[in-house]
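A.B. asks: sequence first, then the predicted structure:
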Amino acid sequence: FYNPRSGSPAPPAIARPLRLAFFCLLPAAHPMPRLILDLPKAFAFSTEVQIYLSHVNQGGHLDNAQLLALVSEARVRFFNWLGYREFDVGDMNIVVADMMAQYKSEGFHGESMRIEMVPADISRYGFDLWFRMTEASKGREVACGKSGIVFVGRSTGKPTPLPEPVRARFEEVAAVATAA
């Protein structure tokens, strides 16, 4: 990740996973590099998921690994909304190639989260799936980020170009964000 404030790359997520996960909770003037995300202006899909006790860590708030589980559930619902199953999108499987998330506030047991999603940057082999998670009743932003989705052939397990009808469907949904 490029840090525009210092002009240097941020540390790799593997080197300091917890520090990277909580950069956005630090004041803007803090000298540590931060993850900077430019969210789409609009989202095409929305679903609600509840934070269960199993999603909460020892600090009493949504665990960072469980955030990924909630986003994964929303991703399954997103594909279902489009008429696909994650393991069968135009006779292809999907692989989450990468994921980045920025925490905006804590999520707590019992809260319902609204997770909005929209595809963007559609390429020959996949796209970025942006998400924004807010507390459903008050709209407090909890987290945002994106997943890199790659389509792979079932028999080869290698990246496979999207068939034109599948690509057209994702471009149609992605147009929501660019039209706003």
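C.D. replies: That came in fine, so what should we check first?

A.B. asks: what about the residue nearest the centre of the chain, which SS state?
C.D. replies: Nearest to the geometric centre of the chain sits K146, at 3.2 Å (C-alpha atoms, centre = their mean). Of the three states, K146 takes strand according to DSSP: H, G, I helix; E, B strand; the rest coil.

A.B. asks: what residue of the protein is the furthest out?
C.D. replies: Taking C-alpha atoms, centre = their mean, the residue of the chain most remote from its mean C-alpha position is S155, at 27.1 Å.

A.B. asks: for it, what are its contacts?
C.D. replies: Counting by C-beta atoms under 8 Å, 6 or more residues apart in numbering, S155 touches no other residue. Quick note: C-beta positions are derived from backbone N, CA and C, even for glycine.

A.B. asks: phi, psi of it?
C.D. replies: Dihedral pair for S155: phi -80, psi -30, per degrees, to the nearest 10.

A.B. asks: tell me the pLDDT of it.
C.D. replies: pLDDT for S155: 90.

A.B. asks: tell me which element V176 is part of?
C.D. replies: helix 164-179 (DSSP states H and E).

A.B. asks: helices of this structure, start to end?
C.D. replies: Remark: helices assigned in the chain by DSSP state H are 17-21, 64-81, 164-179.

A.B. asks: in the longest one, what's buried?
C.D. replies: Residues of helix 64-81 classed as buried by neighbour count (16 or more other C-beta atoms under 10 Å): N64, Q66, L67, L70, V71, A74, R75, R77, F78, F79.

A.B. asks: might you calculate how far it sits from the centre of the chain?
C.D. replies: Between the centre of helix 64-81 and the centre of its chain there are 8 Å (C-alpha atoms, centre = their mean, to the nearest Å).
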